[in-house]
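Student: got a structure for you, letters missing:
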Ligand SMILES: Cc1cc2nc3c(=O)[nH]c(=O)nc-3n(C[C@H](O)[C@H](O)[C@H](O)COP(=O)(O)OP(=O)(O)OC[C@H]3O[C@@H](n4cnc5c(N)ncnc54)[C@H](O)[C@@H]3O)c2cc1C
């Protein structure tokens, strides 16, 4: 079985985002770029499966749509343990465009199982995974919090509103994964970092496609009023404020 | 032309989320001078379907097919797309919940419709069609133009509110069938959470962090939530440690919620935690450290020990509930 993990390159999750050019673009000064947290967990789970011969997983590849500027993130994925890496040489214009490019790569390279994170922490779209599956006409399962391979079939737990379901779909298929898929992201070993340096990143030029959406500007949510402190000795006052002023209880 | 809203049901019933979606769809339809069509999949009775009319749906299409018992993203998207095309829908509206996130991307590709994912307010303009959507995990809004002819919007739960109207809807039973060739999802086991208010549905949430010190100290926190008719939540380290179940983990990598009231007890307020709760209408923080970042996000705060403050709050709520 061949697994593909799609990875997105996002600002570190502690970043205080700022915008420039009249709020038209992200101010990238000082930003630390990382593998999107859910993608890092997907990669970890894919590698855990590969470590277990019974799963039948033979290789784990990562794919990314982005310019050469995101190569450090791809190298990191290789250092963590991915066997191969692919980069589509184009900015990720929108979810549609990104998914279109990844679907093209998957058609050429053929994978049995594709993993995507439930969202990227920058545009929070929750779209790319499902879109790839539809472009390819293969089944997908969303909100997957556990993934195992049993007799060549992926068995997954998905979260539904108010519960969980254990499901399976035939391969080739795609899983959109969330929290729980792996406990902690795997950390690159010294040896991993060394071998990643010499691994080739396969570059594809993008296929012609037009994005459907365009971000024209950013704004910050309205700041909140300053906190009003209540004396801990008189905690009951809080309840009275919530009842009579805020009217939320 | 119409605005099509997909209204999911839970055990044949709609909930606040469904009515909020229809209210929102009504708002979008008003901007476009058109009407709202609600689509329900599953065995929902007419009396329940009619409730969607009270929030502004003019027509309600009900599809009840046995093959659509379990969610299969591909087959469900196929059915919704078929209705959207038949009804000449210009805008499709789904919740940004698990089901919406499962279906919207497939619908987008089927219909070549651009998606505004995670909206919380009406479009800023309809020409060009422009929405504000959640970005950078709640730290920004991205004003996004959707250029395709058809558009899909997914609405953040508890962000828009309910608007009732004097409207009577008509119900139509549709015979649109699922393409059984696409029904590939086999459900092996179901674990339902019963009897508890879902965290994502709750108007009031009481949440605990590492400052709760031990899994044994949760009694008064749970009691406070119960007395207030709310749900309980926690920070990531708390669920990672196994002090509380994973379903309660809120934040960037957990659940994103926007209750009317979020009470954070012993939570420092890390960016990743706030990413999941910052759109709550009111945030209350209880923390021993007056400089904890949670107080920057909170409107009300108590600098104090959770173990001492929580029992006092429980007592005070008991008083007012008497
Ligand atoms: C990629 C990534 C994703 C993440 N995603 C999430 C996420 O989704 N959700 C999340 O919550 N975290 C997330 N985190 C972790 C986050 O950075 C913080 O570590 C975490 O939120 C801290 O949890 P906490 O507030 O419970 O604990 P701490 O930061 O340890 O804070 C405990 C607080 O309790 C207070 N306290 C101590 N004793 C008492 C007492 N007796 N009474 C009252 N207060 C007391 C302390 O003053 C302190 O402010 C993520 C981190 C990363 C790197």
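Tutor: Thanks, I have the structure now. Nothing here was measured: the structure is a model prediction, and the numbers come from that model.

Student: give the contact list for the residue most central in space within chain B.
Tutor: Geometric centre of chain B, nearest residue: residue B:157, 2.8 Å, by Cα atoms, centre = their mean. Residue B:157 is in contact with B:17, B:20, B:95-97, B:200-201, B:257-258, counting by Cβ atoms under 8 Å, 6 or more residues apart in numbering or on different chains. From N, CA and C alone the C-beta is placed, and that goes for glycine too.

Student: rebuild the residues you listed as a markdown table, extending it with secondary structure, neighbour count and distance to the ligand.
Tutor: Listed next are the contacts of residue B:157 as a markdown table, based on DSSP: H, G, I helix; E, B strand; the rest coil; neighbours: other Cβ atoms under 10 Å in any protein chain shown; distance: Cβ to the nearest ligand atom, whole Å:
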| residue | secondary structure | neighbour count | distance to the ligand |
| --- | --- | --- | --- |
| B:17 | helix | 21 | 22 |
| B:20 | helix | 21 | 24 |
| B:95 | strand | 25 | 21 |
| B:96 | coil | 25 | 17 |
| B:97 | coil | 21 | 17 |
| B:200 | coil | 22 | 14 |
| B:201 | coil | 18 | 19 |
| B:257 | coil | 24 | 11 |
| B:258 | coil | 19 | 15 |
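
Student: enumerate the residues of chain A near the ligand.
Tutor: By the rule Cβ under 6 Å from any ligand atom, the part of chain A lying against the ligand is A:13, A:37.

Student: where in chain A is pLDDT low?
Tutor: Scanning chain A for pLDDT under 70 picks out nothing.

Student: hang on, the earlier thing: confidence score at the residue nearest to the centre of chain B?
Tutor: Here the pLDDT value assigned to residue B:157 is 96.

Student: got it, and the one 4 residues further on?
Tutor: Per-residue confidence for residue B:161 comes out at a pLDDT of 95.

Student: how would you label it: helix, strand or coil?
Tutor: coil (DSSP: H, G, I helix; E, B strand; the rest coil).

Student: that one reaches residue B:22, doesn't it?
Tutor: No - if you go by Cβ atoms under 8 Å, residue B:161 and residue B:22 don't touch, sitting 11.9 Å apart.

Student: please identify which of these two sits among more neighbours.
Tutor: Shown here are residue B:161 and residue B:22; by other Cβ atoms under 10 Å in any protein chain shown, residue B:22 has more neighbours (29 against 10).

Student: how many residues are close by residue B:105?
Tutor: For residue B:105, using other Cβ under 10 Å, the count is 34.

Student: excluding chain neighbours, what is closest to it?
Tutor: residue A:130 (2.9 Å; Cβ to Cβ, 6 or more residues apart in numbering or on different chains).

Student: pretty sure the one you found sits against residue A:141.
Tutor: No - applying Cβ under 8 Å, one finds residue A:130 not in contact with residue A:141, separated by 10.0 Å.

Student: need the overlap of contacts for those two.
Tutor: Shared contacts of residue A:130 and residue A:141, counting by Cβ under 8 Å, 6+ apart, come down to A:174, A:176, B:73.

Student: just the ones of the residues you listed in strands?
Tutor: In strands, judged by DSSP state E, the following of the shared contacts of residue A:130 and residue A:141 are found: A:174, A:176.

Student: which one of the shared contacts of residue A:130 and residue A:141 sits closest to residue A:183?
Tutor: residue A:176 (19.0 Å; Cβ to Cβ).

Student: correct me, but the closest one touches residue A:131?
Tutor: No - the pair residue A:176 / residue A:131 is not scored as a contact, 10.3 Å apart, by Cβ under 8 Å.

Student: let me see the mean pLDDT of stretch B:9-28.
Tutor: Throughout stretch B:9-28, pLDDT has a mean value of 97.

Student: likewise for stretch B:313-322?
Tutor: 95.

Student: re the thing from before, tell me the secondary structure at the residue nearest to residue B:105.
Tutor: Note that with three-state DSSP, the state of residue A:130 is helix.

Student: measure residue B:288 to residue B:271 for me?
Tutor: Relative to residue B:271, residue B:288 is positioned 21 Å away (Cβ to Cβ, to the nearest Å).

Student: of the two, give the one with the bigger neighbour count.
Tutor: Ranked by neighbour count (other Cβ under 10 Å), residue B:288 and residue B:271 place residue B:271 first, with 20 against 16.

Student: where does the closest residue to the more buried one other than its chain neighbours fall, secondary structure wise?
Tutor: Spatial nearest neighbour of residue B:271, excluding adjacent residues (Cβ to Cβ, 6+ apart): residue A:14 at 5.3 Å. Using DSSP states H and E, residue A:14 maps to neither a helix nor a strand.
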